[in-house]
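Peer 1: Return a 3D structure for these sequence lines:
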Amino acid sequence: MRVTTDLWVSALLRRVFSAGGFAAVVKRGATEAGAVFVLARGRLGEIALFGPAPQTSYESARPDDRFFSLLGEGDDAAIFDARLERENRFDPDIWVVEIEAGAIPVEELISVKAS
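Peer 2: The predicted model follows:
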């Protein structure tokens, strides 16, 4: 059984804070099953946007896991803001979580699948 998005995001925030990082919910979506986008900021200004992985990334043996794909990297926040605005127009129930991971890589906080 898949946990609610609200619970999953709460757990992500706790993992980030326990690693010495910072996290904030920028946009709160549907409590039960909203899609999650993670905006990861590095301490030197670099930005990476992760979004839900395609359905083909999921294994039938583990359908309840939550996987992410890297949607883009760079240092221009306006590009990522525009992308998230388009995603929000398509699905207003999305969640946007911004993190500064701290001592551990983002890939240890969320399950990232290669494209």
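
Peer 1: Would you point out which residue is most central in this protein?
Peer 2: residue 38 (2.4 Å; Cα atoms, centre = their mean).

Peer 1: Now the terminal residues of stretch 20-34, how far apart.
Peer 2: This stretch, stretch 20-34, spans 27 Å end to end (Cα to Cα, to the nearest Å).

Peer 1: Could you list the buried residues of that stretch?
Peer 2: Of the residues in stretch 20-34, those buried by neighbour count under the rule 16 or more other Cβ atoms under 10 Å are 21, 23, 25, 27, 29, 34. Backbone N, C-alpha and C define where each C-beta goes, glycine included.

Peer 1: now swap in stretch 96-103 and tell me
Peer 2: 96, 97, 98, 99, 100, 101, 102.

Peer 1: For residue 87, state which of these is nearest.
Peer 2: Using Cβ to Cβ, residue 96 is the member of these that lies nearest residue 87, at 8.5 Å.

Peer 1: Please tell me the pLDDT value assigned to that closest one.
Peer 2: For residue 96, the model assigns a pLDDT of 95.

Peer 1: what does residue 115 give?
Peer 2: On the pLDDT scale, residue 115 gets 59.

Peer 1: cool, residue 55 as well?
Peer 2: pLDDT, residue 55: 62.

Peer 1: mind starting the numbering at 27 from now?
Peer 2: Right, with 27 as the first residue, what we last looked at is residue 81.

Peer 1: Would you mind finding the longest strand in this protein?
Peer 2: Under DSSP state E, the strand in the chain containing the largest number of residues is strand 93-100.

Peer 1: hmm, who's touching the next helix or strand after that one?
Peer 2: Next along the chain after strand 93-100, taking DSSP states H and E as the criterion, comes helix 103-116. With Cβ atoms under 8 Å, 6 or more residues apart in numbering as the test, helix 103-116 has contacts from 53, 61, 63, 65, 73, 75, 77, 97, 98, 100, 120, 122.

Peer 1: In contact with the residue lying closest to residue 93 once chain neighbours are set aside: list those residues for me.
Peer 2: Of all residues not flanking residue 93 in the chain, residue 79 sits nearest, at 3.9 Å (Cβ to Cβ, 6 or more residues apart in numbering). Each residue near residue 79 by Cβ under 8 Å, 6+ apart is listed here: 93, 94, 95, 139.
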